[in-house]
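In: What follows is a predicted protein model with its sequence.
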Amino acid sequence: MVPTPPGGYSGYLARAASRWPERVGLHFEGRKWTYRELNDAADVAARRLSADGIAEGTRVLLLVENCPEYVIAQFALARLGAVFVTPNPSWTDSEIVHAIRASAATAAIHTPRFAEVAVTLRHAVPVEKLIDGDAPEALEYGAVDHAAPLYIPFSSGTTGLSKGVVHTGASLCGGVEQLRHHLRLSEADRLQIALPLCHIFGATMTAAAMSVGAEVTLFRRFDLEESLRHLKDAAVTVWPMAGTIAHRLVERDDLDPDDFASLRFFMWGGSAIPVELARELSARTGVGVLCSYGMTEAMMVAFNPVDQPDQWRLDSPGCATEGTELRIGAAGELEVRGPSVAAGYAGVPSTAFSDDGWFRTGDLARIDSDGRVTIVDRIKDMLKVSGFQVAPVEVEQALVVHPGVSEAAVVGRPDVRRGEIVVAFVVRSDPELTGEALDSWLRTRLASYKRPGEYLFLDQLPRTAGGKMRRGVLREQVNPARRDQPNRS
């Protein structure tokens with residue numbers, strides 16, 4: 001098993017500040033933060049949060065986009081034994097209200113945009129006041145309970161509503177340690193991160209980099225031109241990315257391999273990579289693509305060997321990560337047990353988590369004699385758009401609230417850039433209703449990546465004699481190639 005480091009998650013920053021106090025740990029929009037400054041800021045934030053009533057076990061929403069305060073807040077909350085809850089800041093107010101109920105959060109650190117929602121909670125701390133001004137009196141931190149909940153990111157579920165995934169201090173550190181180990185991260189690395197910190201990949205990559213004293217440049221949001229400019233100027237060595245970035249790169253006609261010379265690999269893990277795309281990306285940049293496999297509930301599951309590029313495969317995410325066990329369960333479903341598997345869902349019982357530590361991934365897979373994993377398909381109806389999970393039922397529920405809609409069904413259409421595009425089949429009660437009107441309706445109800453990219457209108461939805469939706473029929477309409485595949489509707 002992967003051991004939890006001394007001091008747990010909060011200890012990563014403290015040890016970096018002790019070992020490399022004047023080394024720059026974080027760049028953000030022209031400002032440099034040394035590890036000492038980051039650690040001092042985390043102490044200031046912890047004292048301020050404690051003075052505001054946040055204590056061990058308090059569940060605190062981080063309603064903040066990428067910025068240094070986001071990173072500081074996570075370490076500060078960990079020092080208090082509080083739980084950081086990380087919904088996507090692109091969510092609408094109604095989605096945030098659901099996150100509050102699902103996670104049982106009673107506090108929030110928030111930007112002005114979320115002030116109205118945040119003030120409904122017991123404690124609301126504006127992010128601009130987190131480290132501003134003089135710190136309260138010094139605070140003695142208690143012992144760390146690694147088995148207690150520490151981190152609740154969100155994963156969409158088949159019920160249609162996002163579920164809070166409860167990671168303990170031990171499982172969060174397990175994921176960080178696995179990333180550090182399998183990427184062979186060191187103090188010589190320079191990372192640029194535009195992934196949202198609310199996403200488990202962005203959060204753990206940042207922590208893994210700081211655990212070894214590496215230098216991180218954080219972007220508020222992704223900008224390809226800025227990323228390419230910084231990649232060259234700063235000689236970036238690690239650039240974790242979502243699939244959409246790779247598509248945008250190969251569409252360019254100005255790629256120069258010299259600009260990518262410092263990069264150790266392109267890391268890909270959010271979705272399956274089209275083999276031809278990966279080959280073209282490597283051929284035009286001179287950088288290999290390192291495939292991996294993970295999820296919110298189990299973080300890092302499988303990796304190709306980073307120090308053996310000749311063993312990298314594009315059709316497989318590799319073998320089980322350090323300390324992780326894999327097996328094929330009923331109906332060919334991949335199951336995982338290991339140090340980064342979550343404790344369960346917040347307030348929602350689930351058969352996906354077993355009492356003996358196994359998690360059912362919902363993915364059909366094969367494991368060959370060498371231990372290599374091949375992901376065949378997803379068992380559930382979940383979609384994956386630009387690296388984010390989308391539950392069809394959630395979109396359907398938002399659609400049928402419209403007074404001009406009587407029924408709706410959602411499936412995914414494969415897309416080379418985004419992985420999948422949400423396609424909505426709609427039965428109208430108002431014959432004049434248009435796709436543009438529905439898209440406008442959903443803008444205040446769903447995040448942009450959840451909204452359909454295409455609307456198709458039907459007189460009725462296909463159903464079985466028992467009334468069950470025949471999603472397989474709808475999938476065939478948007479993806480004729482599936483007609484030769486087993487019907488999983």
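Out: Good, I have the coordinates. Numbers count the residues shown, from 1 in each chain.
In: quick one: pLDDT of residue 102?
Out: Predicted confidence (pLDDT) for residue 102: 94.
In: What's the local residue count around it?
Out: A count of nearby residues for residue 102, using other C-beta atoms under 10 Å, gives 21. Where C-beta positions appear, they are placed from N, C-alpha and C, glycine not excepted.
In: Residue 217 should be in a strand, yeah?
Out: Yes: the assignment for residue 217 by DSSP: H, G, I helix; E, B strand; the rest coil puts it in a strand.
In: wait, what's in contact with it?
Out: Residue 217 is in contact with 26-28, 190-193, 230, 234, 236, counting by C-beta atoms under 8 Å, 6 or more residues apart in numbering.
In: can we see that at 10 Å?
Out: 24, 26-29, 32, 190-194, 226-227, 230-231, 234, 236, 239 (C-beta atoms under 10 Å, 6 or more residues apart in numbering).
In: next one: residue 179
Out: Contacts here follow C-beta under 10 Å, 6+ apart; on that basis residue 179 touches 185, 201, 204-205, 207-209, 211, 240, 267, 269, 292, 294, 299-300, 303, 321, 340.
In: what helices or strands is the helix or strand bottoming out on mean pLDDT in the chain leaning on?
Out: Least confident helix or strand, the chain: helix 243-250 with a mean of 77, by mean pLDDT, DSSP states H and E. Packing partners of helix 243-250 (3 or more C-beta pairs under 10 Å, 6 or more residues apart in numbering; DSSP states H and E): helix 224-233, strand 238-241, strand 265-268, helix 275-285, strand 405-415, strand 419-428.
In: Dump these into TSV; add distance to residue 129, mean neighbour count and mean pLDDT as well.
Out: Output for the helices and strands packed on helix 243-250, formatted as TSV (distance: least, C-beta to C-beta, whole Å; neighbours: other C-beta atoms under 10 Å; pLDDT from 0 to 100):
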stretch	distance to residue 129	mean neighbour count	mean pLDDT
helix 224-233	29	15	95
strand 238-241	31	24	90
strand 265-268	35	22	86
helix 275-285	43	16	87
strand 405-415	41	20	91
strand 419-428	38	22	94
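In: Among the contacts of residue 217, name the buried ones.
Out: Neighbour-count burial within the contacts of residue 217 applies to 24, 26-28, 190-194, 227, 230-231, 236, 239; the criterion is 16 or more other C-beta atoms under 10 Å.
In: Among those, which one sits closest to residue 375?
Out: Here the nearest of those to residue 375, counting by C-beta to C-beta, is residue 239; it sits at 23.2 Å.
In: wait, that closest one sits on residue 281?
Out: No: using C-beta atoms under 10 Å, residue 239 is not in contact with residue 281; the gap is 11.9 Å.
In: okay, and the common contacts of these two?
Out: 245, 260, 266, 287.
In: how far away is the closest residue to the third one other than its chain neighbours from residue 250?
Out: Distances taken as C-beta to C-beta, 6 or more residues apart in numbering place residue 289 nearest to residue 266, at 4.8 Å, with adjacent residues excluded. Per C-beta to C-beta, to the nearest Å, residue 289 is found 11 Å from residue 250.
In: which of the two has more neighbours?
Out: residue 289 (21 against 18).
In: got the contact list for that one?
Out: Listed by C-beta under 10 Å, 6+ apart, the contact set of residue 289 reads 246, 265-268, 273, 275, 277-279, 281-282, 304, 312-314.
In: ok, now with 6 Å
Out: Contact analysis of residue 289 by C-beta atoms under 6 Å, 6 or more residues apart in numbering lists 266, 268, 278, 282.
In: With residue 211 instead?
Out: By C-beta under 6 Å, 6+ apart, residue 211 lies in contact with 12, 180.
In: Can you report phi and psi for it?
Out: phi -70, psi -20 (degrees, to the nearest 10).
In: Quick check: pLDDT value at it.
Out: Note for residue 211: predicted pLDDT of 96.
In: What of the one 10 residues further on?
Out: In this prediction, residue 221 carries a pLDDT score of 91.
In: helices or strands up against the longest helix along the chain?
Out: Counting by DSSP state H, the longest helix found in the chain is helix 35-51. Applying 3 or more C-beta pairs under 6 Å, 6 or more residues apart in numbering; DSSP states H and E, one finds that helix 35-51 contacts helix 8-19, helix 68-80.
In: which element follows that helix toward the C-terminus?
Out: strand 59-63 (DSSP states H and E).
In: Can you give the distance from that following strand to the centre of its chain?
Out: In terms of C-alpha atoms, centre = their mean, to the nearest Å, the centre of strand 59-63 is found 16 Å from the chain centre.
In: three-state assignment of residue 389?
Out: strand.
In: Can you name the residues bridging to it?
Out: Residues in a beta bridge with residue 389, per DSSP bridges, are residue 384.
In: what's the nearest residue to the residue positioned nearest the centre of the chain if we skip its chain neighbours?
Out: Nearest to the geometric centre of the chain sits residue 199, at 2.8 Å (C-alpha atoms, centre = their mean). Nearest non-adjacent residue to residue 199, counting by C-beta to C-beta, 6+ apart: residue 153, 7.0 Å away.
In: Could I get the contacting residues of the one you found?
Out: Listed by C-beta under 6 Å, 6+ apart, the contact set of residue 153 reads 86, 165, 200, 296.
In: Residue 69: neighbour count?
Out: 22.
In: Pretty sure it sits against residue 126.
Out: No: look at residue 69 against residue 126 with C-beta atoms under 6 Å: they stay out of range, at 10.3 Å.
In: related to what we said a few turns ago, between the helices and strands packed on helix 243-250, which one is nearest to residue 434?
Out: Nearest to residue 434, of the helices and strands packed on helix 243-250 and by C-beta to C-beta, is strand 419-428 at 9.5 Å.
In: what lines up beside the closest one in the sheet?
Out: strand 405-415 (antiparallel), strand 454-458 (parallel).
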